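J.: Sharing a model that was predicted from the sequence below.
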Amino acid sequence: MNSVIKGVGYVLAHTPDMVIENGTTQTTERIVNPESEYLKELPNHLRSFDEALAYWPNQVYIGNKTPMELAEIEQPWYDKACDETSRYGAYGQMMPEDEFILLMQACDVFDLVKLERGFVSAHKDALAQNPVIDESIMARIVEGVDASEIEQLIADDHAERICFGGELVGCVKPAHDIDVNLSAEIMLENIVEKASSVLSLLSLVHNTGIAKDEIEYVIDCSEEACGDMNQRGGGNFAKAAAEIAGLTAATGSDVRGFCAAPTHALVEAAALVASGAYKTVAVTAGGCTAKLGMNGKDHVKKGLPILEDMVAGLAVLVTVNDGVNPEIDLSVLGRHTVGTGSAPQVVIGSLVYDPLERAGLKVTDVDYFSPELQNPDITKFAGAGDVPASNYKMIGALGVKRGELERTQLADFVSQHGFVGWAPTQGHIPSGVPSIGYARDAMLAGDMERVMIIGKGSLFLGRMTNLFDGVSVLIKRNEGVQDEAAGVSETEVKSMIAKAMREFAATLIEQAE
Amino acid sequence: MSILAGKKCVVIGDRDGIPGEAISACAASAGAEVIFSSTECFV
């Protein structure tokens, strides 16, 4: 039977200081052009936490607003404050940078994150009040060290700076004297990924109400790599995050595939559950410091705030079919294979039309297509266009070519079968999966039948192949048939009734005798 | 005659648009010599 989506966790951490300290656009600029106007101007374009809370796409990401409500707001969105400003939403939360820095320290198990004593004491209570943070996390926060020790580690030991509000409040030490794979820069990047993945998993547990020890397997699908000089990329982020999140019964592994990885991971999670190997699998991904402020030069040049100031995370819970939650239909899988080719028509053909045709479905049978959902506020001002809209146009155009749509229906197809983008440009994060929370709600309410999740990956960035990658899967409203493994099966019920009837009959016979 | 015939050509494709390989194939068929071709990701 198909497995189902039991819930999601979507989180954002507002990290303006990490934009300056750790985003590769900024770190590169400091090397090649340290006196640049961009670096001088950048701090004036950073958003406050309140401004991040009032940003429409962020409120959609954590589930306080729907993609449909966002579509009604005229673009651009950065200059239009959202009427909803809560930091907590139906799917997760926005975490301020002070809490996130403390969470990073809680996720560090090798004494690499050193925070200044005063910073810890000033902000620890705020983290403790977070509804998804329990005592096991708080118990991992240590008292902190003197500022002089942090300064010494940065000056003499190549430690990476951790700042809050522009002030130095801590550092991440290198985990090895020589090995670049364990450098302070890499360790900070990986600890940020781990911390945002942990926050996603904790939100997932909070939202679904599942007992932590019911989660049997965790798949991490981020874009970072951890390991030392002998196994760069050895992993296992999944198990490392599961440990901190308290998922004591879980094992796990990492799936990598650039931006396509979350969709690959979702398919693999669904297959693991459908096969019976595991009953409950969590797909998780943390965010990426390197991409913070990635398009900052264009945004600053055009007078925009730095919109790429959020480290994002996501988690999806996949379980056996309960007869209620939306099903992951593994019979409708799109595959971009080695032999598919890279022309846009064949890519969309392999990901959208081939699987639908195999399932006897037309393009209009799918309520919504969910390709990469990059926020157009970020991409349009950087010259990259509206990525989701481009995908819908290509899907629609091929539909016209195939005779499944009239040419005159094309404009309506884009608006009626496509979401606007709201996800931060954190690589793998926008890749199809941010819509799962909304689609699940709509399917449970009976307002949506099918959504197709489409992930794409730029494999050529790793310089191992020129190939592109893509994968898609259909999620559909539950047909109402419960898997035997999800509870008491029909056979078991019949057996129980038969047993009761036999016992009743035996009692009657005894009384008659 | 193609405006690309006999010209040296640098190709930068977009992963969300037209990939470098596809542009290279078109340019080469129009008589250009592709001296560099790459597909980049802008998101």
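T.: That came through, no problem. Keep in mind that this is a model prediction, so the values were computed, not measured.
J.: now the helices: where do they sit in the stretch 101-250 of chain A?
T.: Counting by DSSP state H, counting those that start in this stretch, the stretch 101-250 of chain A has helices at residues A:117-128, A:135-138, A:147-157, A:184-208, A:237-245.
J.: what does chain B give?
T.: B:20-29 (DSSP state H).
J.: okay, now residue 39: neighbour count?
T.: All of this is about chain A. 16 (other Cβ atoms under 10 Å in any protein chain shown). The way it works is simple: take the backbone N, C-alpha and C, and place the C-beta from them, glycine included.
J.: switch to chain B, that's the one I care about
T.: Residues near B:Thr39, counting by other Cβ under 10 Å: 25.
J.: got a pLDDT number for residue 32?
T.: Using chain A. If you check A:Val32, the pLDDT there is 98.
J.: My question was about chain B, not that one.
T.: 96.
J.: That one against B:Val10, yeah?
T.: No: with contact defined as Cβ atoms under 8 Å, B:Ala32 does not count as touching B:Val10 (9.9 Å).
J.: Between those two, which is the more surrounded one?
T.: Shown here are B:Ala32 and B:Val10; by other Cβ under 10 Å, B:Ala32 has more neighbours (20 against 12).
J.: who touches that one in this structure?
T.: B:Ser2, B:Leu4, B:Ala5, B:Gly6, B:Lys7, B:Lys8, B:Cys9 (Cβ atoms under 8 Å, 6 or more residues apart in numbering or on different chains).
J.: What parts of the stretch 351-500 of chain A come near chain B?
T.: Proximity of the stretch 351-500 of chain A to chain B, by Cβ under 8 Å from any Cβ of the partner chain, involves residues A:372, A:374, A:379, A:382-385, A:387, A:390-391, A:425, A:427, A:430, A:456, A:458, A:460-461, A:466, A:468.
J.: of these, buried ones?
T.: Buried residues within these, counting neighbours by 16 or more other Cβ atoms under 10 Å in any protein chain shown: A:372, A:374, A:379, A:382, A:384-385, A:387, A:390-391, A:425, A:427, A:430, A:456, A:458, A:460, A:468.
J.: Inside strands: which ones of those?
T.: A:Lys456 (DSSP state E).
J.: And the buried ones among the residues of the stretch 351-500 of chain A next to chain B, which is closest to A:Thr15?
T.: A:Thr425 (14.1 Å; Cβ to Cβ).
J.: How far off centre is stretch A:338-350?
T.: The chain centroid and the centroid of stretch A:338-350 are separated by 26 Å, computed with Cα atoms, centre = their mean, to the nearest Å.
J.: in it, what's buried?
T.: A:Thr340, A:Gly341, A:Ser342, A:Pro344, A:Val346, A:Val347, A:Ile348, A:Gly349, A:Ser350.
J.: residue contacts, A:Lys380?
T.: A:Gln75, A:Pro76, A:Asp386.
J.: mind checking how far it is from chain B?
T.: According to Cβ to the nearest Cβ, to the nearest Å, A:Lys380 stands 11 Å off from chain B.
J.: Report the mean per-residue pLDDT for stretch A:340-358.
T.: On average, stretch A:340-358 scores 93.
J.: What of stretch A:126-135?
T.: Computed over stretch A:126-135, the average pLDDT equals 98.
J.: need the residues of chain B near chain A, please.
T.: Near chain A, when you scan chain B using Cβ under 8 Å from any Cβ, you find B:14-19, B:21-22, B:38-39, B:41-43.
J.: So what's the residue count around residue 7?
T.: Answering for chain A, as no chain was given. Counted with other Cβ under 10 Å, A:Gly7 comes out at 23.
J.: right idea, wrong chain: chain B
T.: Look at B:Lys7: counted by other Cβ under 10 Å, it has 14 neighbours.
J.: That one is in contact with B:Glu33, isn't it?
T.: Yes: using Cβ under 8 Å, B:Lys7 is in contact with B:Glu33, at 7.2 Å.
J.: Spell out which parts of chain A neighbour chain B.
T.: Residues of chain A lying near chain B (Cβ under 8 Å from any Cβ): A:259, A:342-344, A:372, A:374, A:379, A:382-385, A:387, A:390-391, A:425, A:427, A:430, A:456, A:458, A:460-461, A:466, A:468.
J.: Apply 6 Å and report the result again.
T.: Applying Cβ under 6 Å from any Cβ of the partner chain, we find that chain A lies next to chain B at A:Ser342, A:Ala343, A:Gln374, A:Ala384, A:Val387, A:Thr425, A:Ser458, A:Phe460, A:Leu461.
J.: so can I have TSV of the residues you listed showing distance to A:Ile509?
T.: Output for the residues of chain A next to chain B, formatted as TSV (distance: Cβ to Cβ, whole Å):
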residue	distance to A:Ile509
A:Ser342	76
A:Ala343	77
A:Gln374	73
A:Ala384	80
A:Val387	74
A:Thr425	75
A:Ser458	75
A:Phe460	78
A:Leu461	77
